[in-house]
Structure formats: structure tokens, C-alpha cells
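Trainee: coords below, sequence missing:
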């Protein structure tokens, strides 16, 4: 079946206006594409646009963009709560909704009925198998994983995930699209957590367990990650930004799919998520706070 070519991609539907979806919408709009940003909540869309404005304002302050370029990028972003309006004319759809397989499969089934035959589907999932999601559609050959990293405007790499039936034409389009938005695409094959999330879950999970065992405190672990391994952020700081609930979902899925004890979710993740501590409120207004807030640790 025919699909859109990279030079024909003009309109990108971004489904999900959370932190990841907002970041993707920003970099895509900055790169000259028309973006239709969709979420079921008007409040989420307002938060997203304000978040994007704040992000681009910081780039202006650093001299990387002009005010005129920011205005032009913002003008290329349209918001809607209608899936039909967002995707009926899209050349590429990028999904960034919560990490729940049934939710994603339902979304893609609906998109499959709405979108033209040429439209390519991409999921920003950090762990769920692309092949599984693609099976909910009639276009598994035009379905690919585009795993962006947080914060999207800063992180250069994108994990391009090839499902069992993803065509080479779709992979080529995904690779070229990433390059057009200033990212570095790295192609991997499908599997639970791909490469990045499996590697990261093993590393972060060990940090959580070492804290639970009393080997080192939260602040100390973050300091050692930065000062001894030259990482830009420690695991607790990173999850306060990226979402404690997101990591819990990832580890639950990986443990369920692989049975590997390295991915068994540590108790601390479960406790905080059940208590409503999903990460820093700056990034998630629905959260009570993150690790540092829950344990009353001053932020530097």
C-alpha cells in the first residue's frame, strides 16, 4: 500500500499534550512542520502551550532563537480536543499518551479508521512493543516507534524501533524525519523496552534498591551519579523530572514480559505513586511532588 514520502510530510498530529508530547510538538513546529496538538483536556492543552512558550523563551535568552522565530513556531501549532480534527489530514501521527497498552491500541484502532491510507503511525512509547500496537491497525507496515527522550528539546537521540512488520520504507521515512527535526536517529529492533528502557530500568532500579537497603541516601546517590560518573542528573532527580509513575509502568511491563528480577519494581516507586507523588509539580501539575519533596530534601 502507498504511504507518504518524507518530502510530502507537511502536517504532523501530536496525540497527547503531556511533557513528552509538548516537547515533541515544540521541536517539530520549530523545524517548519504544521502541528496539530491533541489532548482530551483543554487544561492540558493550555498547560502544554505555556510549557512550550517557556521552553522556547529560554532558548531565546541563550541566543539560540529569535523572538520572531518563536512566534512563527507557535503559529504552526494548532490545538484541539478532537481526534478527528487532529488526524484526518495528518501525514504523520505521533502518539504520546500514558503507557497503557489497551489505551494505545484503542487509540490506534480509532486513528486507523480516521486517517488517510498514506498516513504513517509512530508511537513514543518507552517500553511497550511496537508490534503489539501495530496489530490493532490495518497498516502494521506503516507503524514505527519514535522513542524521544526527556527533555525533548535538549536530548538529541531518538530510538527508531522497527516492529515485526514495519517496512523499510517506513523506517527510512522515520530516520529522515528525525534528521529534519534536528535529532540523531538510532534504529533498533522491537522487544519489551527496546534497548534504552531495558538498560535504564536495570540501572535506575539498582539505584532505588540501594537506597532502600540504606547504602546511600537520595541526594548522595544523585551526587555520585553526577560527580563520579559525569552524568548530567542523578536517578532521583531524573525521575522527579521525567515521572515516577512512568518508570513504575515501564518496570511493571518489563518484569511482566521478561520475568527478569532486575526489572521488578522497587517498593519505593509503588509507595510514592500510590501516595500521589508522581514527580516534580513543575512538570506534572497533578502530582504532589517528587522524591525530594516526599522525603523533605532541600533542592539545590
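Mentor: That came in fine, so what should we check first? This one's a predicted model, so the numbers in the text were calculated from it and none came from an experiment. Numbering: from 1, shown residues only.
Trainee: now do the same for residue 265: helix, strand or coil?
Mentor: Look at residue 265: counting by DSSP: H, G, I helix; E, B strand; the rest coil, its state is coil.
Trainee: so the spatially closest residue to it that is not a sequence neighbour versus residue 10, what's the distance?
Mentor: Closest residue to residue 265 apart from its sequence neighbours, by CB to CB, 6 or more residues apart in numbering: residue 251 at 4.3 Å. To be clear about C-beta, it is placed using only N, CA and C from the backbone, and glycine gets the same treatment. As judged by CB to CB, to the nearest Å, residue 251 and residue 10 stand 38 Å apart.
Trainee: same check, this time on residue 234
Mentor: Distance from residue 234 to residue 10, by CB to CB: 41 Å.
Trainee: looking at the two, which is more packed in?
Mentor: Shown here are residue 234 and residue 10; by other CB atoms under 10 Å, residue 234 has more neighbours (23 against 13).
Trainee: hmm, that one is touching residue 220, no?
Mentor: No. The criterion here is CB atoms under 8 Å, and residue 234 misses it with residue 220 at 9.1 Å.
Trainee: OK, contacts around residue 190?
Mentor: 129, 130, 131, 145, 161, 162, 163, 164, 166 (CB atoms under 8 Å, 6 or more residues apart in numbering).
Trainee: just give me the neighbour total for the second one.
Mentor: By the other CB under 10 Å criterion, the neighbourhood of residue 130 contains 27 residues.
Trainee: that one and residue 166: what is the separation?
Mentor: 7 Å.
Trainee: could you pull out the buried residues of stretch 10-23?
Mentor: 11-23 (16 or more other CB atoms under 10 Å).
Trainee: now the helices: where do they sit in the stretch 1-150 of the chain?
Mentor: Taking DSSP state H, counting those that start in this stretch as the test, the helices found in the stretch 1-150 of the chain are 19-30, 42-61, 67-75, 83-87, 101-114, 130-134.
Trainee: would JSON lines of those with distance to residue 279 be doable?
Mentor: Formatted as JSON lines, the helices of the stretch 1-150 of the chain follow (distance: least, CB to CB, whole Å):
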{"stretch": "helix 19-30", "distance to residue 279": "9"}
{"stretch": "helix 42-61", "distance to residue 279": "14"}
{"stretch": "helix 67-75", "distance to residue 279": "26"}
{"stretch": "helix 83-87", "distance to residue 279": "26"}
{"stretch": "helix 101-114", "distance to residue 279": "20"}
{"stretch": "helix 130-134", "distance to residue 279": "25"}
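Trainee: pick the most buried one from those.
Mentor: With neighbours taken as mean count of other CB atoms under 10 Å, those reach their highest mean count in helix 19-30, at a mean of 26.
Trainee: that helix vs helix 67-75, what angle?
Mentor: Relative orientation of helix 19-30 versus helix 67-75 (axes from the mean of the first three to the mean of the last three CA atoms, to 10 degrees): 120 degrees.
Trainee: and residue 182, what does it touch?
Mentor: Residue 182 touches 27, 31, 156, counting by CB under 8 Å, 6+ apart.
Trainee: one more time with 7 Å, if that's ok
Mentor: 27, 31 (CB atoms under 7 Å, 6 or more residues apart in numbering).
Trainee: with residue 126 instead?
Mentor: Going by CB under 7 Å, 6+ apart, the list of residues near residue 126 reads 99, 147, 197, 250.
Trainee: and for residue 280?
Mentor: Residue 280 touches 240, 241, 289, 290, counting by CB under 7 Å, 6+ apart.
Trainee: tally of neighbours for residue 227?
Mentor: 10.
Trainee: and residue 205, by the same measure?
Mentor: There are 23 residues near residue 205, going by other CB under 10 Å.
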